[in-house]
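>>> Predicted model, plus sequence, below.
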Amino acid sequence: MENLLKSIFDYQKFEGNKALQSVIDSVHARYAVKELNLDELEFVSAAGIIEKDPRKEDL
């Protein structure tokens with residue numbers, strides 16, 4: 001499904017269909033990417049096991 005959507009979005013770059021562009025714009029508005037500022041990063045957490053990268057040397 002993701003590949004199909006990518007194809008449609010790419011096709012629109014050349015076709016210029018107004019109805020399709022409206023759908024694309026609404027999708028971009030709903031799923032807009034936003035960079036987090038430092039205050040917002042305080043609320044981000046991750047779970048997992050911290051492992052040392054064996055390729056890096058200890059200094």
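Structure received. Numbers count the residues shown, from 1 in each chain.
>>> Can you name the next helix or strand after the helix or strand of the chain with the lowest mean pLDDT?
Lowest on mean pLDDT, DSSP states H and E among the helices and strands of the chain sits helix 2-15, with a mean of 79. Per DSSP states H and E, the first helix or strand lying C-terminal to helix 2-15 is helix 18-30.
>>> pull the CA atoms of whatever helix or strand comes next after that following helix into CSV?
Heading C-terminal from helix 18-30, the first helix or strand you meet, by DSSP H and E, is helix 38-41. In CSV, the C-alpha atoms belonging to helix 38-41 read as follows (Å, rounded to 0.1, in the frame of the first residue of the first chain):
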residue,chain,number,x,y,z
LEU,A,38,14.5,20.9,23.5
ASP,A,39,11.5,21.3,25.8
GLU,A,40,9.5,18.7,23.8
LEU,A,41,12.4,16.3,23.8
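>>> What is helix 38-41 packed up against?
Under the contact criterion of 3 or more CB pairs under 8 Å, 6 or more residues apart in numbering; DSSP states H and E, helix 38-41 touches no helix or strand at all. All C-beta atoms are positioned from the backbone trio N, CA, C, and that covers glycine.
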